[in-house]
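Enquirer: sequence first, then the predicted structure:
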Amino acid sequence: MSSANTMSCLWKESKEAKPYVMSIPIPTVEEGQLLIRMDYAPINPSDIKFLLGQSSSNKQFPCVPGFEGSGTVVLTGGGMASWGMAGKRVAFYTNHEYGTYGEYCITDTNLCIELDNDIQSNEAACSFINPLSAIGMLDICKKNNVKAVINNPGASQLGKMMNRLFKERNIKVINIVRREEQVYELKYECGAELIINQNDPDFLKQLKIMCEATQASIYFDAVGGQQSGNILNIMPKGSILMMYGTLDSWQIGGIQANDLLRDKKSIQGFFLNVWLKEQNKLELIMILKKLKNLIKSTLKTKIAKEFPLDQFQQAVDYYKTHMTEGKTLICLKKTIQSKEEKQTQKQIQSSNGQQQQQQQQQSTEQQQQSNEQQQQSNEQQQQLNEQKQQLNEQQQQQNEQQYQQQNEQQKQQNEQENLEVQRLEQNEEQHQEEQQQQKSNEDQVFQEDDEDSNSGFGEGLNDQLSD
């Protein structure tokens with residue numbers, strides 16, 4: 001029984017330790033977080049794995065187990081996303097150390113949805129793990145242009161959600177079941193058409209025919225074991241074995257290596273935490289908006305039975321033997337608050353309010369320091385810019401001086417070249433004049449010689465005639 005500032009919860013000291021019910025102090029919230037007074041929390045296969053110490057969750061020990069649930073926000077840690085959330089009824093997912101198997105729980109603001117008045121808190125408690133897994137698997141199918149898939153176990157709550165959701169998107173689902181009554185259950189509850197019992201003698205032969213007829217190329221498997229490989233072997237080229245659970249075995253076998261090499265088949269894993277982290281903020285907002293619209297219809301959860309927290313082990317035992325009949329819930333809801341509980345809630349709000357004020361004051365001081373550092377940084381940057389400007393001006397002056405010097409040198413060089421050209425032209429003219437003068441002199445000499453020669457010839461001829 002919880003008292004002021006304490007709460008009842010399921011407590012797990014370490015990965016190997018067995019959980020037990022005890023009272024602990026009510027946790028406080030930080031910025032971006034919500035403190036939720038719990039109503040209901042379901043038991044999922046992931047919870048069983050965690051309780052047995054077989055989960056890959058990064059939740060720190062010691063802790064309160066539980067990953068999803070529903071309740072009422074009693075306190076916010078501040079931040080824009082949490083404005084107006086206090087007093088709201090919500091469904092949420094959490095990987096915090098203070099999980100959902102306690103009277104109070106902590107979650108991040110961006111991992112919860114406000115509930116409409118027409119949805120019950122017990123149904124809303126199962127709004128995240130299975131519905132988001134179905135949405136994530138559909139996202140994988142869209143990215144791979146898939147026409148049909150195989151799912152095992154087909155009669156699970158997630159399997160039924162997949163049938164309804166995938167049918168709306170024209171993707172066929174081949175459902176593998178273990179009992180004949182599950183065939184009729186799937187047909188009646190979600191209109192499934194392709195159902196096959198794994199205990200049939202010609203199971204693999206029938207499944208191969210269905211795969212070829214529908215072109216099924218992804219096998220969503222939460223079972224594991226030898227059968228995983230046997231089914232992948234009969235699927236078309238390029239098919240994917242997508243493991244999302246290990247209900248029967250931690251190992252998978254029977255896979256033909258040549259199928260992986262030659263037929264480009266592959267083995268992958270789907271883990272909800274990883275898929276959520278791959279979504280950016282806008283994508284996550286759109287996914288949660290889609291989720292809120294679907295949890296009342298296509299992704300609605302059937303409830304099998306409810307147990308109080310002090311009967312947690314009985315609840316687990318019941319769940320293990322009735323997994324396909326609906327969800328088993330842990331009821332943490334209190335319909336009437338006692339004076340002590342009201343006083344406890346006031347003390348929680350007061351205590352957390354003081355802590356929130358301290359955090360806000362620290363945040364303000366840190367912001368002030370950050371602003372001062374930013375101002376100093378801006379001043380330093382301004383000084384650097386001024387120094388850079390001075391250097392640029394100096395460089396510009398140097399460039400202008402260098403440019404003027406180069407122009408002056410080029411001008412002088414051009415003048416020298418012009419003078420040299422003029423000198424050469426004058427020399428050439430002088431040379432030509434000398435050649436002309438020389439030629440003129442030679443012509444004059446030749447002319448005088450001719451006159452002398454003609455004169456002698458005339459005198460000799462006259463002498464001969466006179467003789």
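Expert: That came through, no problem.
Enquirer: quick one: the strands in the stretch 151-300 of the chain?
Expert: 172-177, 194-197, 216-221, 240-243, 266-269 (DSSP state E, counting those that start in this stretch).
Enquirer: and for the first one, what's in contact with it?
Expert: Think strand 172-177. Here strand 172-177 makes contact (CB atoms under 8 Å, 6 or more residues apart in numbering) with 147-155, 159, 162-163, 166-167, 183, 186, 192-198, 207, 210-211, 214, 216. In short, each C-beta sits where N, CA and C put it, glycine included.
Enquirer: mark which of the residues you listed are buried, thanks.
Expert: 148-155, 159, 162-163, 166-167, 183, 186, 192, 194-198, 207, 210-211, 214, 216 (16 or more other CB atoms under 10 Å).
Enquirer: residue 136 and residue 270 touch, don't they?
Expert: Yes: applying CB atoms under 8 Å as the test, residue 136 and residue 270 come out as touching, 6.6 Å apart.
Enquirer: the two: who's more crowded?
Expert: residue 136 (20 against 17; other CB atoms under 10 Å).
Enquirer: how about the more buried one, secondary structure?
Expert: Under DSSP: H, G, I helix; E, B strand; the rest coil, the three-state class of residue 136 is helix.
Enquirer: where in the stretch 351-467 of the chain is pLDDT low?
Expert: 351-364, 446-467 (pLDDT under 70).
Enquirer: for residue 208, which non-adjacent residue is spatially closest?
Expert: Leaving aside its sequence neighbours, residue 208 sits nearest to residue 234 (CB to CB, 6 or more residues apart in numbering; 4.2 Å).
Enquirer: quickly list what the closest residue to residue 210 other than its chain neighbours is bridged to.
Expert: Spatial nearest neighbour of residue 210, excluding adjacent residues (CB to CB, 6+ apart): residue 174 at 5.2 Å. Residue 174 has the following beta-bridge partners by DSSP bridges: residue 150, residue 194.
Enquirer: ok, residue 174 to residue 309 distance?
Expert: As judged by CB to CB, to the nearest Å, residue 174 and residue 309 stand 39 Å apart.
Enquirer: for those two, indicate the residue with more neighbours.
Expert: Using other CB under 10 Å as the criterion, residue 174 and residue 309 rank with residue 174 on top: 24 against 18.
Enquirer: gap between that one and residue 315?
Expert: Where residue 315 is concerned, residue 174 sits at a distance of 32 Å (CB to CB).
Enquirer: can you read off the pLDDT for the residue nearest to residue 208?
Expert: Note for residue 234: predicted pLDDT of 95.
Enquirer: tell me where the stretch 51-200 of the chain has helices.
Expert: 121-124, 129-143, 157-168, 180-190 (DSSP state H, counting those that start in this stretch).
Enquirer: of those helices, which is nearest residue 114?
Expert: helix 121-124 (10.3 Å; CB to CB).
Enquirer: so which elements touch the closest one?
Expert: Using 3 or more CB pairs under 8 Å, 6 or more residues apart in numbering; DSSP states H and E, the elements in contact with helix 121-124 are strand 33-42, strand 68-76, strand 89-93, strand 303-308.
Enquirer: next, format these as JSON lines and append mean pLDDT.
Expert: Below are the helices and strands packed on helix 121-124 laid out as JSON lines (pLDDT from 0 to 100):
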{"stretch": "strand 33-42", "mean pLDDT": "97"}
{"stretch": "strand 68-76", "mean pLDDT": "96"}
{"stretch": "strand 89-93", "mean pLDDT": "96"}
{"stretch": "strand 303-308", "mean pLDDT": "96"}
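Enquirer: tabulate those (TSV), appending distance to residue 103 and mean neighbour count.
Expert: Below are the helices and strands packed on helix 121-124 laid out as TSV (distance: least, CB to CB, whole Å; neighbours: other CB atoms under 10 Å):
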stretch	distance to residue 103	mean neighbour count
strand 33-42	6	26
strand 68-76	9	25
strand 89-93	15	23
strand 303-308	11	16
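Enquirer: closest one to residue 117 among the ones you listed?
Expert: Once those are compared by CB to CB, strand 89-93 is nearest, at 8.5 Å.
Enquirer: what residue lies at the spatial centre of this structure?
Expert: Central residue of the chain (CA atoms, centre = their mean): residue 278, 2.9 Å from the mean position.
Enquirer: now do the contacts for it.
Expert: With CB under 8 Å, 6+ apart, residue 278 has no contacts at all.
Enquirer: could you pull out the strands for the stretch 301-450 of the chain?
Expert: 303-308, 327-331.
Enquirer: which other helices and strands contact the shortest one?
Expert: Using 3+ CB pairs under 8 Å, 6+ apart as the contact test, the elements touching strand 327-331 are strand 33-42, strand 303-308, helix 312-321.
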